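A.B. asks: quick one: sequence and predicted model below, then my questions.
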Amino acid sequence: MSTSTPPPESSYTAMDKDVEAIGAHCELEYCNVLDFLPFRCDSCHHTFCLDHRSETAHKCTHAGEWARNRRRNEVGRATSNAPSLGKPNVRNATQCSNPTCKTFIHTMQNTGVHCTTCNRDYCLKHRMREDHDCKNLIPLGARPVDLAIQSNKEKLKLGFGRLKSWGKVQQEALKPKPKPTSKAAQLAALNNLKKTAKGDDKLAPEKRVYLHVEAEAATTTSKLPRAELFFSQDWSVGRLLDDAAKRLQVANVNNRVETEEQRLRVYHVEGGRLLDFPEKVGSALVSGNTLVLLRGVGPAEA
């Protein structure tokens, strides 16, 4: 199949003849110089010298005709080098990483934009993070350890959110009942707690702190949901937790887990906070207080 010669990029072309032997006179009225390298105007088809070869220089009477002819010749003409609409024209072209988008990127029509957060390439329409839901995508090439750390952080946030959610409803029910107004009634209530409380009988009476202890059903399970217990004021909260979980028959796996999802915590109702494991019982609690054992409600991330 024969191929046509591509149209010129300028309004004039060099004349095809033996110019050294013949030459031609410039047809501009006031020039008429003999030029051995003449040019033909593709709009008016007259011959001109080097200085008057452009349409502007010889004030062409058909200015722009060469460009119009070129456009008419290109209409309907298909070449093997012309890219098809909607298809990539380079070898490394790919589709936009947005799953609902079929636009090809890395082409001459659409170079594409790389997102450094999720490590993906997108078309101009989906280049912004909010347009391709970047925050919910796992970055390409992310190491598994990074994902594990991110997962644990999310669990911590979730656990603290559960504590806040639990507190809005359940803490109202667990608020200590109004104490007797008279000293005699308060003393009677404390004496009744001491009579029913259970604990290590080897503890000296003056060292004992008597408490109401519960296992909150929304976060953990126990065979004995509530008990009156006493502990040593010299114990840490961590040791108190171990003893209370054992007596309430609550599964305590704090020493075998690394995440807050399965870890038990001690919530102090009167103080309205989670107690830290190293805290001393005698400095954080007084006899008559109420504690609640919760699971998966660890402290907020620092």
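C.D. replies: Good, I have the coordinates.
A.B. asks: helix or strand with the lowest mean pLDDT in this protein?
C.D. replies: helix 144-174 (a mean of 52; mean pLDDT, DSSP states H and E).
A.B. asks: tell me the helices and strands packed up against the helix or strand just after it.
C.D. replies: Going down the chain from helix 144-174, the next helix or strand is helix 183-196, by DSSP states H and E. In terms of contacts (3 or more Cβ pairs under 8 Å, 6 or more residues apart in numbering; DSSP states H and E), helix 183-196 is packed against strand 208-215, strand 226-232. Where you see a C-beta, it was placed from the backbone N, CA and C, and this is true even at glycine.
A.B. asks: all strands for this structure, in order.
C.D. replies: 12-14, 24-25, 34-35, 39-41, 47-48, 94-95, 104-105, 113-115, 120-122, 208-215, 226-232, 264-268, 273-274, 290-295 (DSSP state E).
A.B. asks: list the neighbouring strands of the fourth one plus their orientation.
C.D. replies: With DSSP bridges as the test, strand 39-41 is paired with strand 12-14 (antiparallel), strand 47-48 (antiparallel).
A.B. asks: buried sites along that strand?
C.D. replies: Residues of strand 39-41 classed as buried: 39-41 (neighbour count, 16 or more other Cβ atoms under 10 Å).
A.B. asks: I'd say His58 and Leu28 touch.
C.D. replies: Yes. Using Cβ atoms under 8 Å, His58 makes contact with Leu28 at a distance of 5.1 Å.
A.B. asks: more neighbours, the two?
C.D. replies: Each of His58 and Leu28 had its neighbours counted (other Cβ atoms under 10 Å), and the higher figure belongs to His58 (25 against 17).
A.B. asks: show me the contacts for the residue nearest to the more buried one when sequence neighbours are not counted.
C.D. replies: Residue nearest to His58 in three dimensions, not counting chain neighbours: His52, with 4.4 Å by Cβ to Cβ, 6 or more residues apart in numbering. His52 is in contact with 26, 28, 31, 58, counting by Cβ atoms under 8 Å, 6 or more residues apart in numbering.
A.B. asks: try Val292
C.D. replies: 174, 213-216, 266-267, 269.
A.B. asks: what residues are bridge-paired with it?
C.D. replies: Val292 has these beta-bridge partners by DSSP bridges: Glu214, Tyr267.
A.B. asks: how much space between it and Arg273?
C.D. replies: Taking Cβ to Cβ, to the nearest Å as the measure, Val292 falls 11 Å from Arg273.
A.B. asks: how about His126?
C.D. replies: 46 Å.
A.B. asks: those two: who's more crowded?
C.D. replies: His126 (23 against 14).
A.B. asks: you'd agree the more buried one is up against His132?
C.D. replies: Yes. Counting by Cβ under 8 Å, His126 does reach His132; the two are 4.6 Å apart.
A.B. asks: now for the two: what residues contact both?
C.D. replies: Common neighbours of His126 and His132, using Cβ under 8 Å, 6+ apart, are 97-98.
A.B. asks: which residues of the chain score low on pLDDT?
C.D. replies: 1-22, 75-91, 142-182, 217-224, 298-302 (pLDDT under 70).
A.B. asks: how does it divide into domains?
C.D. replies: The chain resolves into domains spanning 19-72, 93-146, 183-295 when parsed by the TED database.
A.B. asks: any idea how far apart the tips of the longest one sit?
C.D. replies: End-to-end distance for domain 183-295, by Cα to Cα, to the nearest Å: 37 Å.
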